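A.B. asks: give me coordinates for this.
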Amino acid sequence: MDAENTLHASREAVLAAAIAHVPFDGWSATTMKAALTDSGINSALAAALFPRGALDLALAYHQRGDRRMAEQLAQTDLGSLRFRDRIAAAVMARLDLVEDKELVRRGTTFFALPQNAAEGARAVWGTADAIWTALGDTSQDLNWYSKRATLSAVYSATVLFWLGDDSPGHENTRDFLDRRIGDVMQFEKLKAALGNNPVSKALLAGPLKLMGQIRAPRRSEDLPGTVNEQ
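C.D. replies: Residues are numbered from 1 along each chain as shown. The predicted structure follows:
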């Protein structure tokens, strides 16, 4: 087994061990310590895999879910669905991959802490980017950002609703998600109408010219919207 595969296997072993402890101790140093004991991974290797401790452990769990969702969507035929339904299907697929809601509930609390909020927002952005990428988005301008920003808001709201939903098959969550996507579609229609209005076009000519120069970032681990492949 080469070094990369060894690191990946070690990271997965720690994550698998942590899952049993998170519902009781949250994404914490206590959980990290217990996961290392259960997995047999030594502290030196753990420091390399999770240099920021519990924060990197929680992020690794979230990013693993994004990767699994992307893999599942790649094997799913969504071609017959309306585009809004493809987005909804992708969001629900991401939620259905969660082993235990308490893992996400604890994560929501963890990333609500001021010192973790920026990384939490980045993680949600990464999920939105993973969904758009899986659905074949090729935008390279301002739309790259607006699509991910909008979906990040929709996804965050849906997760909070989902955490309290005990309906069969999370039917109520799907209905909630459909309504949120419907709101976004109405907003997009309004934007299109304003864009076709001569007066609006004249007033917005300057800002639109500037925004037209915005380009999507190149793929890099240091840029928003990138899912860690490790």
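A.B. asks: centroid-nearest residue for the chain?
C.D. replies: Computing the C-alpha centroid of the chain and ranking residues by C-alpha atoms, centre = their mean puts T127 first, at 2.0 Å.
A.B. asks: wait, it touches R94, no?
C.D. replies: Yes. Using C-beta atoms under 8 Å, T127 is in contact with R94, at 6.4 Å. To be clear about C-beta, it is placed using only N, CA and C from the backbone, and glycine gets the same treatment.
A.B. asks: shared neighbours of those two, anything?
C.D. replies: Common neighbours of T127 and R94, using C-beta atoms under 8 Å, 6 or more residues apart in numbering, are 65-66, 69, 155.
A.B. asks: what's the pLDDT at the closest residue to R106 other than its chain neighbours?
C.D. replies: Sequence neighbours aside, G26 is the residue nearest to R106 in space, at 4.5 Å (criterion: C-beta to C-beta, 6 or more residues apart in numbering). pLDDT, the model's per-residue confidence, is 98 for G26.
A.B. asks: tell me who's in contact with G26.
C.D. replies: Taking C-beta under 8 Å, 6+ apart as the contact definition, G26 lies against 106, 109-110.
A.B. asks: count of residues packed around D129?
C.D. replies: Residue neighbour count, defined by other C-beta atoms under 10 Å, stands at 23 for D129.
A.B. asks: and what of L160?
C.D. replies: The local packing of L160 (other C-beta under 10 Å) involves 14 other residues.
A.B. asks: for it, which non-adjacent residue is spatially closest?
C.D. replies: T108 (7.3 Å).
A.B. asks: which SSE is the one you found in?
C.D. replies: T108 is part of helix 101-112 when elements are defined by DSSP states H and E.
A.B. asks: could you point out which element follows that helix?
C.D. replies: Past helix 101-112, further along toward the C-terminus, the next helix or strand under DSSP H and E is helix 117-134.
A.B. asks: now for the helix or strand just after that following helix, which elements pack on it?
C.D. replies: Going down the chain from helix 117-134, the next helix or strand is helix 142-163, by DSSP H and E. For helix 142-163, the elements it packs on are helix 83-96, helix 101-112, helix 117-134, helix 171-195, judged by 3 or more C-beta pairs under 8 Å, 6 or more residues apart in numbering; DSSP states H and E.
A.B. asks: now do the same contact list for the residue nearest to the centre of the chain.
C.D. replies: 62, 65-66, 69, 94, 152, 155.
A.B. asks: okay, the helices and strands packed on helix 142-163 in JSON lines with mean pLDDT next?
C.D. replies: As requested, these are exported to JSON lines (pLDDT from 0 to 100):
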{"stretch": "helix 83-96", "mean pLDDT": "96"}
{"stretch": "helix 101-112", "mean pLDDT": "98"}
{"stretch": "helix 117-134", "mean pLDDT": "97"}
{"stretch": "helix 171-195", "mean pLDDT": "79"}
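A.B. asks: can you lay out the ones you listed as JSON lines showing distance to E4?
C.D. replies: Shown next, in JSON lines, are the helices and strands packed on helix 142-163 (distance: least, C-beta to C-beta, whole Å):
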{"stretch": "helix 83-96", "distance to E4": "26"}
{"stretch": "helix 101-112", "distance to E4": "26"}
{"stretch": "helix 117-134", "distance to E4": "21"}
{"stretch": "helix 171-195", "distance to E4": "36"}
